[in-house]
Each structure stands twice: as C-alpha cells, then as structure tokens.
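Chemist: all I have is the shape, not the residue letters:
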C-alpha cells in the first residue's frame, strides 16, 4: 500500500504517542498474538508406555502452530507454569537435563519458577538455569541474606513491535512444602504484593502494551484455596481490573476449563471445548500436567485492547480405554495422532536409554495395586503409604511412622516392581529419620499433625498407631494395639522433610534424641520390597485405624 508523506507522518505519530505515552503499535492495525502454554512437566520428557505426551510430539504440534500463525502474520509466545523437576526417575537421575534441553529445542520463551524446582540444592537449579535458553522468572523469591531477588522478576518480548511483559510468580507455600534443607537462605514473599510492585515498576519504566503473569500458584474455584496458599484467582482479584491480560498458571495440575462462573468443569474430556476462567478482567489458564496438553490462546491486539479470540487445550496423543463385548480393552486416541519430531527423538533417546538402564531392575512382585494416587493419598489412608511407612519402621526399629501424603507421587500396579516404580513413588530423596518421645510428647505431636486438612500435600499418613480425632483432641491413642503410656518411650519414624518442618509439621530435628539415619527413602523402600517379596497388597490395606469425627 502506498502512502503520501503526510499520511505516513500521521500513522507514525499515532504509533508513537497516544495520551502522552510512547507506544510501539500502529493505530487501527490488528496484531495477532498467540500464547502457548504448559505447566507441571515433572520430568515427562519421554512418551509414556501408551505413547501419550512427550516432548517429541509436543514439538511437532508447537511447530505446526508457529507455522500457521506466522502464515497469518501473527506471533507466538510459549510459556511454562513451572515445576519441570521431579516425577520421572529417568529425568530425576539426570537432574532434568533432558527436559531443559528438550524445552530449548521446542523454543520456550519463559518459565515461572515452581516449588519443585527447589527439590534439589540451589546449585542444581542454577545449573539448570544456565542450561536453559529461556529465563526463569519469579518476582517474589528473595535471598534472605542479601535482600535481593534470586531470579528475574519479568521478561520483555516485542513481537511485531508490541511490548509484552511476562511476570513470574511462585507460590509462597514453597516455604512450607519445600525441603527445608534447601531453603535456609530463601524467602518467599507474597505474590500479590510483589505483583503490584512489579506492575507499577513496569508501567513507570517499560510501559508495556500487555502484561501477562506466568505463575506457579494454583487455580482454586472462586478463590477458595483451603489450606493452600492463595492462587491465581486471588491474584487476579487483588489487582486493578485488567492489570494482567492473562495468567498462565500451574501447581494445582488441572485443566482449567470452566463449567460456570467460579465453577470449574470436572472430568474434562480431551479434545472438547475449554472455556478459561475470567476474573476481574484477567483470563486464567492451566494445561493440566506432564505435557498432556498444549494450551493455545489466540489474541487480537488493536488500539491498546487485547481481545481473546479463541482458546483451546490441544491433547498430545492422549488416549481413552474402551472395552469390547468380549471384555478385552483397548486404548484409542481422543484426537488424531501427532507424529514425534525426529530431531527431538535424536536429542532425547540417549537420555532415555541411560535412564532406563538404571531403572528397569526388578525388585519384587505384588499381587494387587498399591494406591498412591494424588486424589487418594491427600484424602485418606492408603495401602501404599502403609508399605512406605512400615519400610521406614523396619529400618529404624520404630514403633510408629508418620509422613505427609504429598510425599507419595505415584501408585504401583500389580505385578513386577522395578526400581523405576519405587523412584516414581518417592522421587524427592528425603532421608529416613527417627526420634524417641515419651507418650505425652508423642500425643502432642500426633495431635498437631492430625489437624492437617485433606486436599493438601500435608494430609498425614500413619502406620503403627490408631486414634480418634475429635476437633483438636485425640482419643483412644494406641501404639500397636496398646493404649499410650505417657511415661513410656516410643520411637517415631518420619521423613527428614517433615522432621525439618516441611508441610508445616512440628520441627523435630532440633530436639534431643533426633537421629537422621542418612538412608534415602527410596532406598529404604527398595530394600524392604526386596526382603519381603512377594508382597500381599491386602496386608497393607488400612483397617480404620485413624478416624476423624
């Protein structure tokens, strides 16, 4: 299109100054911006045994979207809601190197720092940060000793000349649910307070056209976060209306698709429409977990207004199980198959082979399923928790054992048990600890732990003890079937994480008689399985020992 000199001058003036503010966009021009997002990757760089998800198929999908958007004159930003670490042994044993290298190849633009980034010492996280070709963002994580932020609070991107600022925020629950041994000099400040500071700073200095938050805080219906720290809904409501165009979230590990206002759709079916949440002028999205989906938000920016045109969750080779008339089952794709990118396979295959060589060692067998599902271990007592706790009791000679349910990260299927299974169940490398307490001290401890609420990682699992909880009091406390004697000494086994105050448990490590054995929890479980195989799942089934009234 040809403009006269006068018209060119007018267009440039409109693109440079409006209401006294320097702007990069051109008046009356429509800019197409697509935001892609994932979260809670947790080491799933490789497809699972059913051919679902994995970074190779994800790259193919992202490349296709980028090509399509570019052909339409648009731009793409790819963001992560954090928690790249912890969950798959092949990744954990290699400090998530394959995951970050794979994310580099896909072309991530920025990542929020998640709480599980602190499952390793800070030195490991710094190495990961150096490896990544994209910034780790968190505005609310500070070093106590210096008072300085540990990570960049925001990053600025300029697709088509627009200024898009991405702020990073991390749940302040990390101080409670993270490993205390790695958090001594780290402070997690209020995400809301820090967001207000950063937004104000950005508006005074960079004057972005759009501000997005990449967060690891969780999405909770109508802001009802229970015992968890406030999440994305609270964040959006606490800021001026529309201060954030979008929150790309993580942590609660759900597909955020709304059934109604302030009510999330339950049992979302892959491939069906997904309506993101909208709070106080801010869109809130989350793409479940493990790279199962790539979230896609297509925006149009025009004259200072960012409008969401389309949103979808794209399944990455997810499958459902169908049962035929003869009783046989088959897994079939929800949506057409996505081919795996050859370059990604070439990059990741050596890591996968190296990991599998260490993991596929058979330890024993079990004749039934050992339940460690998230929606079980955070709500009730389970047989897998009993197995883990009994293993700790056997190694330490303890009378009873306690741990937070959030420390159990997977189930074990009936059949052969491998080292991989054990590491998937207990990926955090906590150490077995114990302490000798008299009966009165023990009851005080159990009373405090029993107050932890369901639907949180702090929800407690018990073994070797029975009692009834009525409010803030325990009744009929028995150790191995005998009423507690206030003058007798009992040995309590706990993970070092909880003994250090993790998940808000009473601190034991500073008390007299505390012993950290140095034995890694996964190794303790591994040995117990080897020594007691074959396992009978029924012998570990809870029998109503713990009753909340």
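Modeler: Yep, it's here. Values in this document were obtained by computation on a predicted structure and should not be read as measured data.

Chemist: would you say residue 348 is within a strand?
Modeler: No - counting by DSSP: H, G, I helix; E, B strand; the rest coil, residue 348 falls outside a strand, being helix.

Chemist: check contacts around it.
Modeler: 45, 46, 55, 56, 98, 101, 102 (CB atoms under 8 Å, 6 or more residues apart in numbering). Every residue, glycine included, has its C-beta placed from N, CA and C.

Chemist: which of these fall in helices?
Modeler: 55, 56, 98, 101, 102 (DSSP state H).

Chemist: ok, which pair from those is furthest apart?
Modeler: 56 and 101 (12.4 Å; CB to CB).

Chemist: between those two, which has more neighbouring residues?
Modeler: Ranked by neighbour count (other CB atoms under 10 Å), residue 56 and residue 101 place residue 56 first, with 27 against 18.

Chemist: the more buried one and residue 346 touch, don't they?
Modeler: No - with contact defined as CB atoms under 8 Å, residue 56 does not reach residue 346; the gap is 9.4 Å.

Chemist: of all the contacts of residue 348, which comes closest to residue 530?
Modeler: residue 46 (26.5 Å).

Chemist: what are the buried residues along stretch 71-89?
Modeler: Buried residues in stretch 71-89, counted by 16 or more other CB atoms under 10 Å: 74-89.

Chemist: and the residues you listed, which of them are in strands?
Modeler: Mapping the buried residues of stretch 71-89 onto strands (DSSP state E) picks out 75, 76, 77, 78, 79, 80.

Chemist: tell me which of these is nearest to residue 292?
Modeler: residue 80 (13.8 Å).

Chemist: that closest one and residue 74: what is the separation?
Modeler: 21 Å (CB to CB, to the nearest Å).

Chemist: tell me how far residue 173 lies from residue 512.
Modeler: For residue 173, the distance to residue 512 - CB to CB - is 30 Å.

Chemist: would you mind telling me which of those two has the busier surroundings?
Modeler: Using other CB under 10 Å, the more surrounded residue of residue 173 and residue 512 is residue 173, with 25 against 6.

Chemist: check the gap between that one and residue 262 for me.
Modeler: 22 Å.

Chemist: repeat for residue 354
Modeler: Taking CB to CB, one finds residue 354 at 47 Å from residue 262.

Chemist: same check on residue 529?
Modeler: Taking CB to CB, one finds residue 529 at 45 Å from residue 262.

Chemist: repeat that for residue 199.
Modeler: For residue 199 relative to residue 262 (CB to CB), the value is 24 Å.

Chemist: ok, these two, which is more surrounded?
Modeler: Shown here are residue 199 and residue 262; by other CB under 10 Å, residue 199 has more neighbours (21 against 15).

Chemist: that one sits in which helix or strand?
Modeler: Here residue 199, judged by DSSP states H and E, is contained in helix 191-204.

Chemist: isn't residue 122 up against residue 182?
Modeler: Yes - contact criterion CB under 8 Å: residue 122 and residue 182 qualify, at 6.5 Å.

Chemist: need the residues touching each of these two.
Modeler: Listed as contacting both residue 122 and residue 182 by CB under 8 Å, 6+ apart is no residue at all.

Chemist: which regions of the stretch 201-350 of the chain lie under the pLDDT threshold?
Modeler: Judged against pLDDT under 70, the stretch 201-350 of the chain has no low-scoring part.

Chemist: before we move on, back to that, other SSEs contacting the next helix or strand after the helix holding residue 199?
Modeler: Downstream of helix 191-204, the first helix or strand assigned by DSSP H and E is strand 210-216. With contacts defined as 3 or more CB pairs under 8 Å, 6 or more residues apart in numbering; DSSP states H and E, strand 210-216 has these neighbours: strand 30-38, strand 75-80, strand 110-112, strand 164-170, helix 191-204, helix 232-238, strand 246-248.

Chemist: now distance to residue 270 too, for these, in JSON lines please.
Modeler: Shown next, in JSON lines, are the helices and strands packed on strand 210-216 (distance: least, CB to CB, whole Å):
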{"stretch": "strand 30-38", "distance to residue 270": "15"}
{"stretch": "strand 75-80", "distance to residue 270": "20"}
{"stretch": "strand 110-112", "distance to residue 270": "24"}
{"stretch": "strand 164-170", "distance to residue 270": "27"}
{"stretch": "helix 191-204", "distance to residue 270": "30"}
{"stretch": "helix 232-238", "distance to residue 270": "22"}
{"stretch": "strand 246-248", "distance to residue 270": "19"}
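
Chemist: residue 61: which of those is closest?
Modeler: Per CB to CB, nearest to residue 61 of these: strand 30-38, 9.0 Å.

Chemist: thanks a lot, catch you later.
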